[in-house]
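In: Quick one, what's the 3D model for this:
(chains A and B)
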Amino acid sequence: MNDFIMADAPMDTSALRRALLVPQAGGFCSFEGWVRQANEGRAVCGIDYSAFVPLALTEGQRILLEAKQRFAICRVTAMHRTGYLPIGETAVWIGVAAAHRDAAFSACRYIIDEIKQRVPIWKHEHYASGETGWVPCHTR
Amino acid sequence: MPDIELQYFAQLQDEAGRGHERRQTPAPTAAALYDELRNVYGFALAPACMRVAINAAFAPWDQPLREGDHVAFIPPVTGG
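Out: From the prediction side, this is the model:
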């Protein structure tokens, strides 16, 4: 089963969370990335996410395997959206279940940082002015 | 000359004006192919800030190209 999901429509994240509820887990940590109303001082009305899906799936799955090797976690799932997302929509969701909180927090942080650096997904921002632009890169 | 399947993403797709193409090329490597395409489409991105995927797996820029390879140049990623 692939724990890294590329979704072209909104997903029920409460169902993703439920699938991580295992008896050996004592803590759960999640991170959601949302579409924000402004970027670099420009008013944004939405973001069109595109991806090289086959490579995004293998690279995303590799990141989750690395997280399992580095941190004492029980289960993990991550989901990233493609398509046009308006302000407030969830672009990325990560859930980690672990016996103890430290591993859950650390793995969650590791996974979002690596996704942002390695997974072939691109943001095309739509601005309130009517213009659009590719986000050049991000370091935060 | 090998026949290569190219796929373009993000800025490269806008600059090339297409998402896919098949191309016969004398370029022996992905790096040489990108140089060739830069001359055709005027890609602004320098290869130093990109990666290349051959047959949907990250590959070194100097990997020799073979007949039928699928090549995608990966602009700086901005997911999350």
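In: buried set for stretch A:19-36?
Out: A:Leu20, A:Ala25, A:Gly27, A:Phe28, A:Cys29, A:Ser30, A:Phe31, A:Gly33, A:Val35 (16 or more other CB atoms under 10 Å in any protein chain shown). C-beta here means a position set from N, CA and C on the backbone, and glycine is covered the same way.
In: Most widely separated two among those residues?
Out: A:Ala25 and A:Val35 (29.8 Å; CB to CB).
In: quick one, phi psi at B:Asp14?
Out: Phi and psi for B:Asp14, reported as degrees, to the nearest 10, are phi -60, psi -50.
In: surely B:Phe43 meets B:Glu36?
Out: No. The pair B:Phe43 / B:Glu36 is not scored as a contact, 10.6 Å apart, by CB atoms under 8 Å.
In: which one of the two has more residues nearby?
Out: B:Phe43 (20 against 14; other CB atoms under 10 Å in any protein chain shown).
In: ok, now how distant is the more buried one from chain A?
Out: In this view, B:Phe43 and chain A are 13 Å apart by CB to the nearest CB, to the nearest Å.
In: Return the set of buried residues in the helix or strand harbouring A:Glu125.
Out: Following DSSP states H and E, one finds A:Glu125 within strand A:121-127. For strand A:121-127, burial by neighbour count (16+ other CB under 10 Å) applies to A:Ile121, A:Trp122, A:Lys123, A:His124, A:Glu125, A:His126.
In: can you tell me which of those residues are up against chain B?
Out: A:Ile121, A:Trp122, A:Lys123, A:His124 (CB under 8 Å from any CB of the partner chain).
In: Closest one of the residues you listed to chain B?
Out: Nearest to chain B among these: A:Ile121, at 3.0 Å, using CB to the nearest CB.
In: okay but that closest one is in contact with A:Leu57, surely?
Out: No. A:Ile121 is beyond contact range of A:Leu57, at 11.1 Å (criterion: CB under 8 Å).
In: Of all the residues in chain B, which one is nearest chain A?
Out: Counting by CB to the nearest CB, chain B gets nearest chain A through B:Gly79, at 3.0 Å.
In: So is the top helix by length along chain B next to chain A?
Out: Using DSSP state H to assign secondary structure, the helix with the most residues in chain B is helix B:30-41. No. If you take CB under 8 Å from any CB as the test, helix B:30-41 misses chain A, and the best it gets is 14.4 Å.
In: for the helix or strand that that helix is followed by, packing partners?
Out: Using DSSP H and E, the next helix or strand after helix B:30-41 towards the C-terminus is strand B:51-54. Contact partners of strand B:51-54 among helices and strands, from 3 or more CB pairs under 8 Å, 6 or more residues apart in numbering or on different chains; DSSP states H and E: helix B:30-41, strand B:57-59, strand B:70-74.
In: among the ones you listed, which is the most enclosed?
Out: A comparison of the helices and strands packed on strand B:51-54 by mean neighbour count, using mean count of other CB atoms under 10 Å in any protein chain shown, puts strand B:70-74 on top with a mean of 21.
In: Please name the residues that touch the closest residue to B:Pro75 other than its chain neighbours.
Out: Among residues not flanking B:Pro75 along the chain, B:Ala10 sits closest, at 4.7 Å (CB to CB, 6 or more residues apart in numbering or on different chains). Contact analysis of B:Ala10 by CB atoms under 8 Å, 6 or more residues apart in numbering or on different chains lists A:Ser50, A:Trp122, A:His124, A:Trp134, B:Pro75.
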